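Asker: Need a 3D model of the sequence below.
(4 chains)
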Number of protein chains: 2
Amino acid sequence: MSPGDFCKISKALADPQRRELLEKIARGGEMSCGALVGCCPVSQATVSHHLKELVNAGLVEPRKDGQFRYYNFVPSRIAAYTEELARRLRVPDPVLGPPLGPPVADPVPT
Amino acid sequence: MSPGDFCKISKALADPQRRELLEKIARGGEMSCGALVGCCPVSQATVSHHLKELVNAGLVEPRKDGQFRYYNFVPSRIAAYTEELARRLRVPDPVLGPPLGPPVADPVPT
DNA sequence: TCGACATATAGATAAGCATCGATACTACGG
DNA sequence: CCGTAGTATCGATGCTTATCTATATGTCGA
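Answerer: Predicted coordinates for the structure are as follows:
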């Protein structure tokens, strides 16, 4: 997982409203934009924007069906995120067990 | 772990420069502000600011020693973060194994 | 084809934040 | 007591972003 992807996911999780949308999708199975708008205190445009960010972070995937667009949670993406986190911080990873490959080194990001 | 704490940690991890600082501390053991400035492309003021955010997120802890201030990584905080993530998204948690307690439900955040 | 509905996009606004230079604070050494 | 060094804070600046309203795009039913 690239540093850019890691950053996108962290950012996606960092907004409370967006995180709640993700949780709803993860817990309730695939949901349409409208269904999410129905149980959120923000406008349809904002929900659509957050969904776009979640797709961009790879955390959900859209499935088109007629006029609707259903969004599905991608659990493997979260797994990859936590694994990357464990690797970067040298914390024994829960899934992969003992320390992994070589130290991670980014090119200086600015 | 409160939604606020979760949000703080996500935000702390979302900035590449700050994440690199955290990685350096996690991998290299406790480090002073000056040592970090020495290997980062940002100013001392910015490093100090990032360290403050990391402390605020509970990811590092300061230890004062004379004119220096050493920062230590707090691995348990990352563990709590990934566990909370798994719980909220109903992903089988790597550490705790099978699904946990009752569904998480925040008060609507706005 | 036309109207109604679902979703996305455009444009604007306000808040947040990463960054900097300058400066204040604190501790050490002489 | 004074200068130096490490660190934190202040104030400013430019960029990002969460949100809104309004509008465009796309799809279905009649």
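
Asker: Quick check: A:Glu61 is in a strand.
Answerer: Yes. When classified by DSSP: H, G, I helix; E, B strand; the rest coil, A:Glu61 is found to be part of a strand.

Asker: how many neighbours does it have?
Answerer: Using other C-beta atoms under 10 Å in any protein chain shown, A:Glu61 has 14 other residues around it. Yep, even glycine has a C-beta here, placed from its N, CA and C like the rest.

Asker: measure it to A:Glu53 for me?
Answerer: Noted for A:Glu61: a distance of 13 Å to A:Glu53, by C-beta to C-beta, to the nearest Å.

Asker: And the nearest residue to A:Phe73 once chain neighbours are set aside, how close does it get to A:Gly34?
Answerer: Across the structure, with C-beta to C-beta, 6 or more residues apart in numbering or on different chains as the measure, the residue nearest A:Phe73 apart from its sequence neighbours is A:Ala26 (4.2 Å). Note on A:Ala26: its distance to A:Gly34, by C-beta to C-beta, is 18 Å.

Asker: more neighbours, these two?
Answerer: Taking other C-beta under 10 Å, A:Ala26 and A:Gly34 do not tie; A:Ala26 has more neighbours (20 against 12).

Asker: quick check, distance from the helix or strand where that one lies to the centre of its chain.
Answerer: Using DSSP states H and E, A:Ala26 falls within helix A:16-28. When distances are taken as C-alpha atoms, centre = their mean, to the nearest Å, helix A:16-28 is centred 10 Å away from the chain's centroid.

Asker: Look through chain A and tell me its longest helix.
Answerer: With residue count as the measure and DSSP state H as the assignment, chain A has helix A:75-89 as its longest helix.

Asker: I'd say A:Ala57 and A:Lys8 touch.
Answerer: Yes. A:Ala57 lies in contact with A:Lys8 (C-beta atoms under 8 Å); the separation is 4.4 Å.

Asker: If you count surrounding residues, which of these two has more?
Answerer: A side-by-side neighbour count of A:Ala57 and A:Lys8, using other C-beta under 10 Å, places A:Ala57 first with 22 against 19.

Asker: before we move on, back to that, please look at the residue nearest to A:Phe73 and B:Arg87 and confirm they touch.
Answerer: No. No contact is recorded between A:Ala26 and B:Arg87 when judged using C-beta under 8 Å, the distance being 10.8 Å.

Asker: Identify the residues contacting the closest residue to A:Asn72 other than its chain neighbours.
Answerer: In this structure, A:Asn72 finds its nearest non-sequential neighbour in A:Glu30, 4.6 Å apart by C-beta to C-beta, 6+ apart. Under the criterion of C-beta atoms under 8 Å, 6 or more residues apart in numbering or on different chains, the neighbours of A:Glu30 are A:63, A:70-73.

Asker: Tell me how far A:Glu30 lies from A:Val60.
Answerer: Summarising the geometry, the distance separating A:Glu30 from A:Val60, computed by C-beta to C-beta, is 9 Å.
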